[in-house]
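> fold the following and give me the result.
(one chain, ligands or ions: 2)
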Amino acid sequence: MSETPYDVVVIGAGPVGENVADRARAAGLSVAVVESELVGGECSYWACMPSKALLRPVSALAAARAVAGSREAVTGPLDAEHVLHRRDSFTSHWKDDGQVEWVESIGADLVRGRGRLDGPRRVAVDTPGGETLVLTARHAVVVATGSRAKLPGLPGLDRARPWTSREATSAQAVPERLAVVGGGVVAVEMACAWQALGSAVTMLVRGEGLLERMEPFVGELVAEGLADAGVEIRTGVSVTGVRRPAPDSTVTLELAGVGESEADEVLFATGRAPRTDDLGLETVGLTPGSWLTTDDSCRVTDVADGWLYACGDANGRALLTHQGKYQARIAGAAIAARAQGRPVPEDDRWGAYAATADTAAVTQVVFSEPEAASAGLTLAEAEHRGYRARAVDTDLGSVAGAALVADGYRGRARMVVDLDREVLLGVTFVGHGVGELLHAATIAVAGEVPVGRLWHAVPAYPTMSEVWLRLLEAYRDGG
Ligand SMILES: Cc1cc2nc3c(=O)[nH]c(=O)nc-3n(C[C@H](O)[C@H](O)[C@H](O)COP(=O)(O)OP(=O)(O)OC[C@H]3O[C@@H](n4cnc5c(N)ncnc54)[C@H](O)[C@@H]3O)c2cc1C
Ligand SMILES: NC(=O)c1ccc[n+]([C@@H]2O[C@H](COP(=O)([O-])OP(=O)(O)OC[C@H]3O[C@@H](n4cnc5c(N)ncnc54)[C@H](O)[C@@H]3O)[C@@H](O)[C@H]2O)c1
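Ligands and ions are numbered 1, 2, ... in the order given. Okay, the predicted model is just below:
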């Protein structure tokens, strides 16, 4: 069997694989990128882009309805047909020509097919034409195969044709009743979108609230917003079985101790599993189906000779496109430096080859109505890590800029201060439009800007950013 040598072989052409390829090519390395579905990955076709295209009209409508004067101009609900049509254009109608062109433009070779490790530095690709190609890597193989929806092993589920995030972001018709199982980010965003598009949504949440990994007030305010929009939220409910007797019949969910719930479609938004199960991990001594543990340069820790890297969802560090792309930039730089014999210092916190933000300054926006946005640690995480930390809270609605944005603006902000160094460990906002407030917080956290210096970062009047003054005042006054 012929073998084609490259400096770097990337498995998976999602946003993360594309970015590793770009950085390696920029350093003059030869690169092959292997993709089994669409170049652009989950993010472009079944995750970030289509979900945000579904949610933006919800937020635009809420903005207009929140202000006297424009409120009276809004005469009806969302037009689902137009929203779905606009969503389709954001996925390029599930065609990847544009992204293929981009891969070609950086001078990487795209290899269509399913890639599998075939021993150290070797990748076997089963092509759509039925051939198997072998690619070898002089310097690095990068696993960027992402994640897929994880479904619980419930009786009847496999015959019930459940929606996962793929169907929830690509559906072409609005179900009359949609049950959503889960209380995490996918559940919240999709409940928000489909309720606004006309479904009667019921959320079946196993835990006590929504978005439990964020500050507790986030889940509370987001739940209020969803309930105001008409979503029924049932917490502390476990689904124990699913029945759909015929393909076009309704679906019945059996709930532990509280009867049943019926819907036209059911979305399981119950977390993610790494796409590493059919990847030949066993040929290099790793366990198929596992998250790939890496060091901060994204090099897989349990493989000798340092040739295997894992970036993006596949390493489980932070399941977000922007964090994965950040890892890709860092891994690409580290691969190039090591290939060129330049030093890559170990444990170089905040250095060019260490994805430090993955543990200290992860950013996330939940695009529900209201939005939630966070950078860095929650108070609970900070305390868990042993920081002497204090949370400072303020009501976003009391900021003049927020009152102008919406009549009766409801929102909240928190900063978590490291009392020993007087820098911020984390910041969280919830309220309409807070996603665009986040980057200032990100810079404060990642930059470890002293609280004393933040007083000199003067927010413009009257913007919502004046929330920073309220937070600093509350900290100064011991609040
Ligand atoms: C509904 C939803 C909404 C989301 N919204 C956001 C958001 O707003 N913002 C955000 O930051 N994150 C969001 N995420 C998370 C985001 O989608 C992921 O973090 C991101 O897609 C990870 O990128 P990746 O390149 O690691 O993996 P993916 O995007 O999953 O790409 C992996 C690629 O590898 C390919 N592949 C897999 N196995 C093989 C193989 N053996 N051989 C060849 N190719 C292979 C796949 O076909 C795929 O193209 C969302 C997720 C979901 C489910
Ligand atoms: N805007 C964004 O940034 C965005 C949007 C969507 C997804 N994402 C990313 O995608 C990842 C996956 O999101 P997700 O919502 O699927 O996962 P998640 O881990 O955030 O939430 C999973 C939810 O399902 C529940 N659950 C798990 N197993 C269950 C079971 N058997 N029965 C009932 N409930 C169960 C959990 O308690 C939790 O509420 C997230 O980590 C997030 O980072 C990001």
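> pairing partners for V8 in the sheet, please.
V31, A140 (DSSP bridges).
> what's the spacing between G184 and ligand 1?
In this view, G184 and ligand 1 are 10 Å apart by C-beta to the nearest ligand atom, to the nearest Å. In this view, the C-beta of every residue, glycine as well, is placed from N, C-alpha and C.
> kindly tell me how buried that residue is, as a neighbour count.
18 (other C-beta atoms under 10 Å).
> use 5 as the first number for this chain going forward.
Shifting the count to begin at 5 puts that one at G188.
> quick one: contacts for it?
L214, L215, E216, R217, A273, T274, G275 (C-beta atoms under 8 Å, 6 or more residues apart in numbering).
> leaving out sequence neighbours, find the closest residue to the residue in the stretch 355-483 of the chain positioned nearest to ligand 1.
Nearest residue of the stretch 355-483 of the chain to ligand 1: F371, at 6.3 Å (C-beta to the nearest ligand atom). Closest residue to F371 apart from its sequence neighbours, by C-beta to C-beta, 6 or more residues apart in numbering: L59 at 4.6 Å.
> buried residues in the helix or strand harbouring that neighbour, which are they?
Using DSSP states H and E, L59 sits within helix 52-69. Buried residues in helix 52-69, defined by neighbour count with 16 or more other C-beta atoms under 10 Å: 52-63, 65-67.
> ok, now stretch 289-307?
Neighbour-count burial for stretch 289-307 [16+ other C-beta under 10 Å]: L290, W295, L296, T298, D299, D300, S301, C302, R303, V304, V307.
> before we move on, what SS does the first one have?
In other words, L290. coil (DSSP: H, G, I helix; E, B strand; the rest coil).
> for it, give its distance to A177.
Remark: distance between L290 and A177 (C-beta to C-beta, to the nearest Å) = 42 Å.
> quick check: chain neighbours aside, which residue is closest to the residue nearest the centre of the chain?
Nearest to the mean C-alpha position of the chain, by C-alpha atoms, centre = their mean, lies L324 at 3.2 Å. Sequence neighbours aside, Q368 is the residue nearest to L324 in space, at 6.0 Å (criterion: C-beta to C-beta, 6+ apart).
> P9 now?
That would be T140: by C-beta to C-beta, 6+ apart, it lies 4.9 Å from P9.
> on the three-state scheme, the one you found is what?
T140 ends up strand, using three-state DSSP.
> read off the pLDDT value for the closest residue to ligand 1 within the stretch 55-204 of the chain.
When distances are taken as C-beta to the nearest ligand atom, the stretch 55-204 of the chain reaches nearest to ligand 1 at G150, 2.1 Å away. Listed pLDDT for G150 reads 98.
> where does this structure dip in pLDDT?
5 (pLDDT under 70).
> domain parsing for it?
Domains of the chain are assigned by automatic domain parsing as 7-44+100-152+277-361, 161-274, 374-480.
> around ligand 2, which positions in this structure sit nearby?
Where the chain comes near ligand 2, counting by C-beta under 6 Å from any ligand atom, the residues are 156, 185-191, 193, 210-211, 243, 273-276, 323-324, 368-371.
> sort out for me which of those are in strands.
For the residues of the chain next to ligand 2, the ones inside strands are V185, V243, R276, Q368, V369, V370, with DSSP state E as the criterion.
> hang on, the earlier thing: measure the residue of the stretch 55-204 of the chain closest to ligand 1 to Q103 for me?
Distance from G150 to Q103, by C-beta to C-beta: 15 Å.
> higher neighbour count, these two?
For G150 and Q103, the more surrounded residue by other C-beta under 10 Å is G150, and the numbers stand at 25 against 22.
> need the contact list for that one.
With C-beta under 8 Å, 6+ apart, G150 has these contacts: G16, G18, V20, G45, E46, P278, R279, G316, D317, A318.
> surely the last one is in contact with T149?
So the one you mean is A318. Yes. Using C-beta atoms under 8 Å, A318 is in contact with T149, at 5.1 Å.
> tell me, what's touching these two both at once?
With C-beta under 8 Å, 6+ apart, A318 and T149 have common neighbours G16, P278, R279, T280.
> by neighbours, which of those wins?
Neighbour-wise, the shared contacts of A318 and T149 (other C-beta under 10 Å) top out at G16, 30 neighbours.
> how about that one, phi and psi?
phi 110, psi 120 (degrees, to the nearest 10).
> list the residues that contact it.
V37, V38, E39, G45, G119, V147, A148, T149, G150, R279, G316, A318.
> before we move on, what about R389?
Counting by C-beta under 8 Å, 6+ apart, R389 has contacts L381.
> please repeat the previous calculation with a cut-off of 10 Å.
Applying C-beta atoms under 10 Å, 6 or more residues apart in numbering to R389 gives the contacts T363, A364, L381, L429.
> my read: the second one touches A450, true?
Yes. Counting by C-beta atoms under 10 Å, A364 sits close enough to A450 to count as a contact (7.3 Å).
> what touches both of those two?
With C-beta under 10 Å, 6+ apart as the test, A364 and A450 both reach W354, A379, G380.
> buried members of the residues you listed into PyMOL, please.
Per 16+ other C-beta under 10 Å, the buried members of these correspond to this PyMOL selection:
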select buried, resi 379+380
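> stretch 212-227: end-to-end distance?
End-to-end distance for stretch 212-227: 11 Å, by C-alpha to C-alpha, to the nearest Å.
> kindly apply the preceding question to stretch 406-416 instead.
Using C-alpha to C-alpha, the end-to-end distance of stretch 406-416 comes to 11 Å.
> what's the answer for stretch 464-482, then?
25 Å.
> and it, how far from the chain's centre?
29 Å (C-alpha atoms, centre = their mean, to the nearest Å).
> and that stretch, which residues are buried?
T467, M468, S469, E470, V471, W472, L473, R474, L475, L476, A478, Y479.
> for stretch 142-159, same thing?
H143, A144, V145, V146, V147, A148, T149, G150, S151, R152, A153, L158.
> can you show me the CA trace of it as PDB?
Extracted as PDB, the C-alpha positions of stretch 142-159 are listed here (Å, rounded to 0.1, in the frame of the first residue of the first chain):
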ATOM      1  CA  ARG A 142       7.100  13.400  10.200                       C
ATOM      2  CA  HIS A 143       6.300  15.700  13.100                       C
ATOM      3  CA  ALA A 144       2.700  15.400  14.300                       C
ATOM      4  CA  VAL A 145      -0.700  13.800  14.000                       C
ATOM      5  CA  VAL A 146      -3.500  16.000  15.400                       C
ATOM      6  CA  VAL A 147      -6.800  14.500  16.400                       C
ATOM      7  CA  ALA A 148      -9.500  17.200  15.900                       C
ATOM      8  CA  THR A 149     -12.500  14.900  15.500                       C
ATOM      9  CA  GLY A 150     -14.800  16.700  17.800                       C
ATOM     10  CA  SER A 151     -17.800  15.300  19.700                       C
ATOM     11  CA  ARG A 152     -21.200  13.900  19.100                       C
ATOM     12  CA  ALA A 153     -24.400  14.000  21.100                       C
ATOM     13  CA  LYS A 154     -24.500  11.500  24.000                       C
ATOM     14  CA  LEU A 155     -27.800   9.700  24.500                       C
ATOM     15  CA  PRO A 156     -28.800   7.800  27.600                       C
ATOM     16  CA  GLY A 157     -29.500   4.100  27.300                       C
ATOM     17  CA  LEU A 158     -33.200   4.400  27.900                       C
ATOM     18  CA  PRO A 159     -35.700   1.600  26.900                       C
END
